[in-house]
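Participant: Predicted model and sequence below, questions to follow.
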Amino acid sequence: MSRLRDVRAVRQRVRVGTPDPTLTPAAGMAAVSEAVERLDVIGALDRAVGPIKQRKRGHAAGQLLVGIAAAQLAGEDFQVGLDRQRADAAGQLLAPVPGLCSTTAAGLARRLSAAQWRQVEVGVGQVAAAALGKLAGARRAPLTGSVTIDLDTTDVEVYGRKKRGVAYNYQGVRHEAPAIEWR
């Protein structure tokens, strides 16, 4: 019985009150920020996309994309989630891109041209190459040995057998064959 009293003495009571601003639900963001820094994700995206503003102040394209991705990793669904993340004072110390708000993100996203949006893939590819480059050869080999391309598309049924692009699926139903471009 004395042991039970000892445990009760050690256990703290639950406090109900204002939240502690030094705690954050986004503590895992420290690992994300470290990976972003070590792989130079922001720099790779900035180099691939190019400048989106005339003056070099505020957030650039790489910061925009990483900031949005970090908010999504923290569980946000919409751009307003950037504002929720920004309100978390402790979380901002861990975020890879602190201070990005929804209105800034929307304004910066509008500045990217269609060609710049396509270049985002180039930047992501460079980040993936950098990540593979950091792996030991024995670990890297199985990841780069073979590639599988899954072309499991949704069939769109068509009714004219002379329609351009018509094909038959595995069930014998006429459908429009997917247009695949190889470059």
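Facilitator: Thanks, I have it. All figures in this text were calculated on a predicted structure; none of them were measured in a lab.
Participant: okay, now V41: neighbour count?
Facilitator: 24 (other Cβ atoms under 10 Å). C-beta coordinates here come from the backbone N, C-alpha and C atoms, glycine included.
Participant: do you know how far the nearest residue to it once chain neighbours are set aside is from E121?
Facilitator: Leaving aside its sequence neighbours, V41 sits nearest to V127 (Cβ to Cβ, 6 or more residues apart in numbering; 5.2 Å). Distance of V127 to E121, computed by Cβ to Cβ, to the nearest Å: 11 Å.
Participant: The residue nearest to V41: helix or strand, and which one exactly?
Facilitator: When elements are assigned from DSSP states H and E, V127 belongs to helix 114-133.
Participant: from the chain's centre, how far out does whatever helix or strand comes next after that helix sit?
Facilitator: Using DSSP H and E, the helix or strand that follows helix 114-133 in sequence is helix 137-144. Relative to its chain's centre, helix 137-144 lies at 24 Å (Cα atoms, centre = their mean, to the nearest Å).
Participant: who's in contact with I42?
Facilitator: 36, 60, 62-63, 66, 96-97 (Cβ atoms under 8 Å, 6 or more residues apart in numbering).
Participant: Tell me the pLDDT of it.
Facilitator: Looking at I42, its pLDDT is 96.
Participant: Excluding chain neighbours, what is closest to it?
Facilitator: Per Cβ to Cβ, 6+ apart, closest to I42 is G62, 3.7 Å.
Participant: V49 is in contact with that neighbour, correct?
Facilitator: Yes - using Cβ atoms under 8 Å, G62 is in contact with V49, at 7.1 Å.
Participant: And for the residue nearest to I42, the neighbour number?
Facilitator: 23.
Participant: Then G99?
Facilitator: G99 - counted by other Cβ under 10 Å - has 14 other residues nearby.
Participant: Look at it and tell me its secondary structure.
Facilitator: coil (DSSP: H, G, I helix; E, B strand; the rest coil).
Participant: can you pull the contacts of the residue nearest to it when sequence neighbours are not counted?
Facilitator: Spatially, and ignoring its direct neighbours in sequence, G99 is nearest to R86 (6.4 Å; Cβ to Cβ, 6+ apart). Contact analysis of R86 by Cβ under 8 Å, 6+ apart lists 92, 98-101.
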